[in-house]
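A.B. asks: sharing a model prediction with you, sequence too.
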Amino acid sequence: MNDAPPLAHLKGPILLAGAGKMGGAMLTGWLARGLDARHVAVLEPQPSSEISALATKGIRLNPAAKDIGAVATLVIALKPQSFREAGGALKLFVGPDTLVVSIMAGTTIASIADVCGGSVVRAMPNTPAAIGRGITVAVAANSVSADQRAVADALLRATGSVEWVDDESLMDAVTAVSGSGPAYVFLLAEELARAGVEAGLPQELATKLARETVAGSGELLHRSDAPSATLRQNVTSPGGTTAAALEVLMGPDGMASLMIRAVAAATRRSKELAK
Ligand SMILES: NC(=O)C1=CN([C@@H]2O[C@H](COP(=O)(O)OP(=O)(O)OC[C@H]3O[C@@H](n4cnc5c(N)ncnc54)[C@H](O)[C@@H]3O)[C@@H](O)[C@H]2O)C=CC1
Ligand SMILES: O=C(O)[C@@H]1CCC=N1
């Protein structure tokens, strides 16, 4: 039986452009799953101390372009705005057989191929990737070979689960739901704490209760096979306290309408970033 870690056999070179919050989380996931650090080069003008420390494990941090050449896989984790300025320079690392995996919001396969070439996989991960619990949606250009798709899948799967779609136009709504989604959940923790203080709790206790409630509920959702509606109903005693709160949250200006407007705004913004 082959029990080598999933990325142990992945050959490089792999170049990561942009090792900020998402690029850094992905890099951590790859190394945790056995990717050989010597296969990886990172371009990051402002490396965090964690990223700088990886250089001691064999990763090449900001090597000269001539020492990199065309790579097997280029992962682009720049801000879409930075890509417009800096993307052209990445051409140096793209040859006819280079797989380009982009995680940039709003940036289309056509514009990535146009700016730096290569066979492009466009992906949208999310920050729970940092603990291996992300979810990524990916779409491949027609030019991506089966082998390249398998490499992209392995790299993305190192940070959680992966869903492949065929229709790139879904990526704006995907970004709005799962890419940005963790921020909505963290906001829920903030607002639940604030409401607790408003209801008379000390700040510290309210913050702890809200944080653990969101985290514990997320874990219960993760481990349970039941739909989230069932888990919600399990909390809701007829005529009790939860029912009273849900009457507000599920009322006309409640979560349904708020979430529809929020996701629509993020979807619109993702489309704007493509321009
Ligand atoms: N933060 C998130 O939750 C998610 C972000 N994304 C996408 O990931 C990309 C990066 O986002 P974050 O990590 O949040 O931003 P970030 O600002 O933390 O990371 C971007 C990094 O790129 C670096 N950079 C700037 N110019 C560069 C250049 N010329 N060459 C190499 N590196 C350069 C910056 O120093 C920075 O560390 C964005 O395109 C975003 O749409 C996708 C999914 C989720
Ligand atoms: O806010 C953004 O634009 C990026 C994409 C999804 C999450 N963060």
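C.D. replies: On my side now, so go ahead. Ligands and ions are numbered 1, 2, ... in the order given.
A.B. asks: measure the closest residue to ligand 2 within the stretch 101-250 of the chain to ligand 1 for me?
C.D. replies: Using Cβ to the nearest ligand atom, residue 179 is the residue of the stretch 101-250 of the chain that sits closest to ligand 2, at 3.2 Å. All C-beta spots, glycine's among them, are computed from the backbone N, C-alpha and C. Relative to ligand 1, residue 179 is positioned 4 Å away (Cβ to the nearest ligand atom, to the nearest Å).
A.B. asks: what's the closest non-adjacent residue to that residue?
C.D. replies: residue 124 (4.6 Å; Cβ to Cβ, 6 or more residues apart in numbering).
A.B. asks: now do stretch 250-269: everything it contacts.
C.D. replies: Contacts to stretch 250-269, defined as Cβ atoms under 8 Å, 6 or more residues apart in numbering, come from residues 106, 172, 173, 175, 176, 177, 180, 184, 248, 249.
A.B. asks: mark which of the residues you listed are buried, thanks.
C.D. replies: Taking 16 or more other Cβ atoms under 10 Å as the criterion, what is buried in those is 106, 172, 173, 175, 176, 177, 180.
A.B. asks: pLDDT score assigned to residue 4?
C.D. replies: We note a pLDDT of 65 for residue 4 in this prediction.
A.B. asks: how about the residues of the stretch 1-150 of the chain near ligand 2?
C.D. replies: residue 105 (Cβ under 6 Å from any ligand atom).
A.B. asks: which bits of the stretch 1-150 of the chain sit near ligand 1?
C.D. replies: 17-18, 20-23, 43-46, 77-80, 82, 86, 103-105, 124-127.
A.B. asks: same thing but 5 Å
C.D. replies: Neighbours of ligand 1 within the stretch 1-150 of the chain, by Cβ under 5 Å from any ligand atom: 17-18, 20-22, 43, 46, 77-79, 82, 86, 103-105, 127.
A.B. asks: now, the most widely separated pair of the residues you listed?
C.D. replies: The span of those, defined through Cβ to Cβ, is set by 86 and 127 at 22.7 Å.
A.B. asks: and the contacts of the helix or strand harbouring residue 231?
C.D. replies: Assigned by DSSP states H and E, residue 231 falls within helix 228-235. Around helix 228-235, the neighbours that count as contacts under Cβ under 8 Å, 6+ apart are 217, 220, 221, 224, 226, 242, 246.
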